[in-house]
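Participant: mind folding the following:
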Amino acid sequence: MPIIKSARKRARTAKRATVRNLKTRRSFKSAIKTVQSKLKSGSKSISKELSEAQSSLDQAVKKGVLHKNKAARKKAQLAAAAKKAGVKVSAASKSQAKAKPAKKKPAAKKKSPAKKPKAKK
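Facilitator: Sure, this is the predicted structure:
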């Protein structure tokens, strides 16, 4: 057990972070396994599970549990496996991806700063 006060606090913080990280890791691993089991069973409607798995991988990256390159590789592997199995991406997920971005307002004209009066000599 640490003696120094800051080390005790770090131990408590690390314990909380470990619990949080394990929950995140369990989430994305189970999502990946769900997609893989659906692919093995020959299911053609896995677009929802695939998007959930990709989302959970992105969340793991955001929380620092998983490296971004590893998440990108896993997402590519899942997508390739789905494509090989002949799974079509549903229209619902395509419409979300092609949502029109909000139109930008034209930039407002900048007002020129008021001229300062010259100092008297």
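Participant: what segments of the protein are helices?
Facilitator: For the chain, the helices defined by DSSP state H occupy 5-41, 47-62, 68-84, 91-97.
Participant: which one of those helices lies closest to Ala114?
Facilitator: With C-beta to C-beta as the criterion, Ala114 lies closest to helix 47-62 of the helices of the chain, at 45.7 Å. Bear in mind the C-beta positions are built from the backbone N, C-alpha and C, glycine included.
Participant: mean neighbour count, the helices of the chain: which tops it?
Facilitator: Across those, the average number of neighbours (mean count of other C-beta atoms under 10 Å) peaks for helix 47-62, which reaches a mean of 19.
Participant: so how far is it from its chain's centroid?
Facilitator: Distance of helix 47-62 from the chain centroid (C-alpha atoms, centre = their mean, to the nearest Å) equals 7 Å.
Participant: give me the contact list for it.
Facilitator: 24-25, 27-28, 31-32, 34-35, 38, 66-68, 71, 74-75, 78-79, 82, 87-90, 92-93 (C-beta atoms under 8 Å, 6 or more residues apart in numbering).
Participant: quick one, it and helix 68-84 angle?
Facilitator: 170 degrees (axes from the mean of the first three to the mean of the last three C-alpha atoms, to 10 degrees).
Participant: what's the angle from helix 47-62 to helix 5-41?
Facilitator: Going by the same axes, to 10 degrees, helix 47-62 makes 160 degrees with helix 5-41.
Participant: could I get the average pLDDT for stretch 65-84?
Facilitator: The average pLDDT within stretch 65-84 is 95.
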